[in-house]
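Student: Here's my sequence, what's the structure:
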Amino acid sequence: MKKSAWISAAAGIGGVLALAAASEAAVPKVVVGPNILVSRDGDVPHVELIVATSPRTSKNLIGGAITATRPNGGWACRAYSSTDGGATWKASEFAEQVKWGGGDPQVAYTAQGTALMVALTMNKSDKGKDCASMHVWRSEDGGETWQTTPGMPCNPSWDHEQIIVDTTKGRFSGRIYIAALYDYPVYRVGVFRSDDDGRTWVGPVEAANGGGKIGINDVTPMVLSDGTLVVPYGDFPFLPENRPTKGIAHENFWTVESTDGGVTFSAPRRSVSQSINIDDKESKIAGFGKFAADSDGTTYRDRLYTVWEDARFGNYRIMFSRSADRGKTWSEPRLLESGLDKGVKQWQPAIAVNKDGVVGLTWFDSREDKDGKKYHQYFSASVDGGDTFTKPAQISSEISDPDGRGNSQLAPMVWVHEGQISLSVISAASRWGSGGDYMGLAADKDGAFHPFWADARSGTFQIYTAKVAVEVPPKEDPSKKSGATAPAAAAKPASPPPLVETSLVDKVEFVFDPTSWDPQSKQLEIPVRLKNVSTQPIYAPIRVEVVGYGFPEYENDDDKKRNAENAPTLLNTSNGKGKEGAVVEMGQAIAGADSLQPGALTNPVVLKLQLVDPTKMPGVRLKATGMTPGVK
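Tutor: Residues are numbered from 1 along each chain as shown. Alright, predicted model coming up:
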């Protein structure tokens, strides 16, 4: 949650970063897995998303979101956990969030593999009165069950808390930090710390102070390889007389650091600036920049990176900068991508660095929408410390409409402040038009990236994720370039196994995403996925065919006649047929591999059905076939 409706940015700019590969001989390849629907807990908006991965296993992930799920109306935070690498997810809610509501979810995994969930909510003061609070919940079983911890001290102005865990081998290894804004209108950033796996906390220790003259807010803290804690923050004018009312506004990002484990902090150092177009009332930007550090790599260890939305060139675009000296100086800000059509808008960046020093970026991008409102999720990576980036890869399989019907649904909320009752009526589109102040992106133990984005393909913000791998070809050894020795014969690639067409009746499960029904046209859209529940890979072509309606062996002539009259028509088949014999191709929905691997899901394929009478629609009998190794 931001105190200011707009953020800001600043001055100088250098050259434009054209996206390019380091060399034709070693082009990184971005491999995108299927889009996975995380939030299967209702057709309600899910905003302000965050995700973290376990340092112990790539199977465990934890996510968080603000959701419109309170039983009596309003917004509350939920956690979403996966123990199979992000293929399936479990939602968890918390008693305090259900009772009071809350916001600003944050998640982390500790060095011991404990999942943490942090969020703003309410609590009881020592006098038994309701008071604003931050709360921490712990799960030692991957998000299956949660335990509450003693809440942070009551403070009416806690805001925008951010969590980071020291997973380095430094002297503060295992320490957990939470940075948070507090003490409005002075605007302080304070840091809590925990040395007992998140059970208890010390703090806050002041790290930065706006002095009542400027507003500040903390963003994504970082830990360097030796345990140095770096806390970035942005500034903005909050005094009415200092707020610009038109044109381009400029503000700065700063960093402070602590070399003693969060006990004391250095003086602030300016990093880069952001430009905000005050006259642009339509663009939906997230706000402050996002930061990440390479604390595990070798070549670019302790390099810092930042990305942000910026309007200095017209429409908002993603800009990038890096520091090769632990934050002392920063490179000239550069556009992530040049040559885009001037109508394209980019917003909602996220950044993470994996164990090999690969920098991953995600953002929302309107290049597929001529009106600049709908968006896809995009990804790009750098394997050379930010010198170059791969060509942007589209992650989302369907375009999102942030102004869709579900996001535009107005909902009432009641707040009690200083003895006054206040009724607010808001929608996700009006309050979180960009999907929230941040999206999630994390790299797992094996180096794969896991974006966590607010996807509105249905018209309602839902949580989607996908596993994204960056495959880096091995570097050529210069010592082997001598012409004196003939190159060794290349190894003959292994022949693919013989494939036969096989019934998939016991090899796949059908997994359905939320459907869409239009009562006027009587058209039903059913997004369907196939999950491989066998022990063998399944290759394309994978086909689902309509073979009939109802169960003829149990029906009389009247039943058969009624079923025939009310049989739905498939509108988007691959062979042009709409009823019996209609075929839907599913093989093109395989993502991230050349086959549907055991345990994997396809992307959703939407079945579009024209119904006659939804109350009389008969069951549709299907046959599924695919190519598998070996004999039938």
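Student: how about Arg199, what does it touch?
Tutor: Arg138, Thr149 (CB atoms under 8 Å, 6 or more residues apart in numbering). To be clear about C-beta, it is placed using only N, CA and C from the backbone, and glycine gets the same treatment.
Student: cool, and Ser133?
Tutor: Leu120, Thr121, Met122, Asn123, Gly151, Met152, Pro153, Cys154, Asn155, Trp158.
Student: Now do stretch 343-350: everything it contacts.
Tutor: Here stretch 343-350 has contacts from 283-286, 289-290, 307-309, 315-318, 336-337, 361-367, 370, 372, 375, 434-435, 438-441, 451, 453, using CB under 8 Å, 6+ apart.
Student: Show me which of those residues are buried.
Tutor: Buried by 16 or more other CB atoms under 10 Å: 283-286, 289-290, 307-309, 315-318, 336-337, 361-367, 372, 375, 434-435, 438-441, 451, 453, out of the contacts of stretch 343-350.
Student: Show the contacting residues for Ser521.
Tutor: Here Ser521 is in contact with Gln610 (CB under 8 Å, 6+ apart).
Student: let's go with 10 Å and repeat that
Tutor: Gln610, Leu611 (CB atoms under 10 Å, 6 or more residues apart in numbering).
Student: By mean pLDDT, flag the weakest helix or strand of the protein.
Tutor: Lowest on mean pLDDT, DSSP states H and E among the helices and strands of the chain sits strand 411-417, with a mean of 75.
Student: Could you list every helix and strand in contact with that strand?
Tutor: strand 420-426, helix 428-431 (3 or more CB pairs under 10 Å, 6 or more residues apart in numbering; DSSP states H and E).
Student: And what about Thr573, helix, strand or coil?
Tutor: coil (DSSP: H, G, I helix; E, B strand; the rest coil).
Student: That one: neighbour count?
Tutor: For Thr573, the number of neighbouring residues by other CB atoms under 10 Å comes to 20.
Student: related to what we said a few turns ago, give me the contacts around the least confident helix or strand of the chain.
Tutor: Contacts of strand 411-417 (CB under 10 Å, 6+ apart): 44-45, 68, 70, 72-75, 101, 130, 156, 421-428, 431.
Student: now the strands for the stretch 201-350 of the chain?
Tutor: All strands of the stretch 201-350 of the chain, identified by DSSP state E, counting those that start in this stretch, fall at 202-209, 215-218, 222-223, 229-236, 248-258, 269-277, 290-293, 304-310, 317-323, 334-335, 346-353.
Student: Report the central residue of the protein.
Tutor: Nearest to the mean C-alpha position of the chain, by CA atoms, centre = their mean, lies Phe452 at 1.7 Å.
Student: For the host helix or strand of His160, what does the pLDDT average out to?
Tutor: Element membership of His160 [criterion: DSSP states H and E] is strand 159-165. Strand 159-165 carries an average pLDDT of 96.
Student: partner strands of it, parallel or antiparallel?
Tutor: strand 176-182 (antiparallel) (DSSP bridges).
Student: Now find how far off-centre the least confident helix or strand of the chain is within its chain.
Tutor: Taking CA atoms, centre = their mean, to the nearest Å, one finds strand 411-417 lying 28 Å from the centre of the chain it belongs to.
Student: Kindly tell me how buried Lys577 is, as a neighbour count.
Tutor: Considering only other CB under 10 Å, Lys577 is surrounded by 14 other residues.
Student: So it is in contact with Val547, correct?
Tutor: No - with contact defined as CB atoms under 10 Å, Lys577 does not reach Val547; the gap is 11.7 Å.
Student: Nearest spatial neighbour of Ile50, chain-adjacent residues omitted?
Tutor: Of all residues not flanking Ile50 in the chain, Gly440 sits nearest, at 4.4 Å (CB to CB, 6 or more residues apart in numbering).
Student: so who does the one you found touch?
Tutor: 48-52, 61-65, 105-107, 350, 352, 362, 450-454, 463, 465.
Student: picking up where we left off before, adding distance to Pro618 and mean pLDDT, write the strands of the stretch 201-350 of the chain out as a markdown table.
Tutor: Converted to a markdown table, the strands of the stretch 201-350 of the chain look like this (distance: least, CB to CB, whole Å; pLDDT from 0 to 100):
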| stretch | distance to Pro618 | mean pLDDT |
| --- | --- | --- |
| strand 202-209 | 63 | 96 |
| strand 215-218 | 57 | 94 |
| strand 222-223 | 59 | 98 |
| strand 229-236 | 59 | 97 |
| strand 248-258 | 61 | 96 |
| strand 269-277 | 56 | 96 |
| strand 290-293 | 51 | 98 |
| strand 304-310 | 51 | 97 |
| strand 317-323 | 50 | 97 |
| strand 334-335 | 56 | 96 |
| strand 346-353 | 44 | 98 |
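Student: Let me know how buried Leu239 is, in neighbour terms.
Tutor: 11.
Student: before we move on, the earlier item: mind putting the strands of the stretch 201-350 of the chain into TSV with distance to Val186?
Tutor: Listed next are the strands of the stretch 201-350 of the chain as TSV, based on distance: least, CB to CB, whole Å:
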stretch	distance to Val186
strand 202-209	7
strand 215-218	10
strand 222-223	25
strand 229-236	13
strand 248-258	16
strand 269-277	21
strand 290-293	24
strand 304-310	25
strand 317-323	28
strand 334-335	35
strand 346-353	29
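Student: Glu93: which of the ones you listed is closest?
Tutor: Closest to Glu93 of those, according to CB to CB: strand 346-353, at 24.6 Å.
Student: partners of the nearest residue to Met222 once chain neighbours are set aside in the sheet?
Tutor: Distances taken as CB to CB, 6+ apart place Ala293 nearest to Met222, at 3.8 Å, with adjacent residues excluded. Applying DSSP bridges to Ala293 gives these bridge partners: Leu304.
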